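Participant: this is the structure alone, sequence omitted:
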């Protein structure tokens, strides 16, 4: 039990996760970082993570670019995504330069967690 006026370590840990710069707001970048860092823990569906990636991609594209990842995530998180995401292929099977398939990535995370 925490005394009144004393910091609560558990609450402080939550704030460190969802608002690391402690500005009192959770930005899209902080939300994405939080969603990715949890790697689907307590997330109900891959669609929730897909929606978060979709918000990162300009014009609601079905892929995210390397630049978008590095602009919106920490370097470590972007590196993780890029090392695990497959290149995005358009409807004709052509690889788009610097485009990554976040739909396949998020679904593969759920498949891994279900088989654990």
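Facilitator: On my side now, so go ahead. If you're wondering where the values come from, they're calculated on a predicted model, not measured in any experiment.
Participant: where does residue 97 land in three-state SS?
Facilitator: strand (DSSP: H, G, I helix; E, B strand; the rest coil).
Participant: residues making contact with the helix or strand containing residue 80?
Facilitator: Assigned by DSSP states H and E, residue 80 falls within helix 75-84. Taking contacts as CB atoms under 8 Å, 6 or more residues apart in numbering, the residues outside helix 75-84 that touch it are 33, 36-37, 64, 66, 69-70, 73, 100, 102, 105, 108. Using the backbone N, CA and C atoms, a C-beta is placed for each residue, glycine as well.
Participant: got the buried residues for the helix or strand following it?
Facilitator: Helices and strands here follow DSSP H and E; after helix 75-84, the next one along the chain is strand 87-89. Going by neighbour count (16 or more other CB atoms under 10 Å), the buried part of strand 87-89 is residue 88.
Participant: sorry, back to before: where's the helix holding residue 80 relative to the chain centroid, distance-wise?
Facilitator: Distance of helix 75-84 from its chain centroid, counting by CA atoms, centre = their mean, to the nearest Å, is 10 Å.
Participant: looking at it now, give me its mean pLDDT.
Facilitator: Mean per-residue pLDDT for helix 75-84: 89.
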